[in-house]
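A.B. asks: Take this sequence and fold it.
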Amino acid sequence: MTMTKFDRLVLANQFAILEKLDPKEAEWYAQSRDVLESGYELMYGAVFRSISDDTMSEEQCEEVNRIMFMFSHLKVVYDELPDKSGVEEPHFEGFDGNGEDKELCFAQFCCDLRGGYKNIVPGEHVPNSHSARLGIYRRMLAVYDMERKDDKKLSKESLKKILAARVHADYR
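C.D. replies: Reported below is the predicted structural model:
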């Protein structure tokens, strides 16, 4: 990574301000400022350690948000059913912390940012499912979208169909 002198000056000034504002991290901010002022390109990676190289596209973020919304809605529908016999309670299992780590982090961000989805994430953290869930959630979303076509209210039968989509058709 290369930076112009102007970029380095602006960031070094930001780190100087942060040194004064956050005494607990002042030493790290001072080191980062020194790296930038001195132009030690080899050390830029350490300065930017908290900035992820990975990004999530708008489509990926929207997909996670739709999954969270779907589960929240399914839980509300389930809770309002007068007769819950024959249908299991929807349970959001989170995302895989290894293969779906970006999704897991974004779901946590959504919960923290809005304080929402407490009906599906009652604790402080979005669960790590420890196994891939995106494929399952995508199948469920497809059925969810079909069942909600024309903005119709979800019935008990719709809920059953959506939950049944968790099992891949090839394994039934």
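A.B. asks: Confirm Ala16 sits in a helix?
C.D. replies: Yes - counting by DSSP: H, G, I helix; E, B strand; the rest coil, Ala16 falls inside a helix.
A.B. asks: OK, contacts around the closest residue to it other than its chain neighbours?
C.D. replies: Nearest residue to Ala16, sequence neighbours excluded (Cβ to Cβ, 6 or more residues apart in numbering): Arg33, at 5.6 Å. Glycine gets a C-beta too; all of them are placed from N, C-alpha and C. For Arg33, the contacting residues are 12, 15-16, 19, by Cβ atoms under 8 Å, 6 or more residues apart in numbering.
A.B. asks: same thing but 7 Å
C.D. replies: Each residue near Arg33 by Cβ atoms under 7 Å, 6 or more residues apart in numbering is listed here: 12, 15-16.
A.B. asks: same deal with Thr2?
C.D. replies: Glu41.
A.B. asks: Next, it: phi, psi?
C.D. replies: Thr2 adopts backbone torsions of phi -120, psi 150, taken as degrees, to the nearest 10.
A.B. asks: Asp53 now?
C.D. replies: Backbone dihedrals for Asp53, given as degrees, to the nearest 10, come out at phi -80, psi -30.
A.B. asks: cool, Ser52 as well?
C.D. replies: Per degrees, to the nearest 10, the backbone of Ser52 is at phi -70, psi 140.
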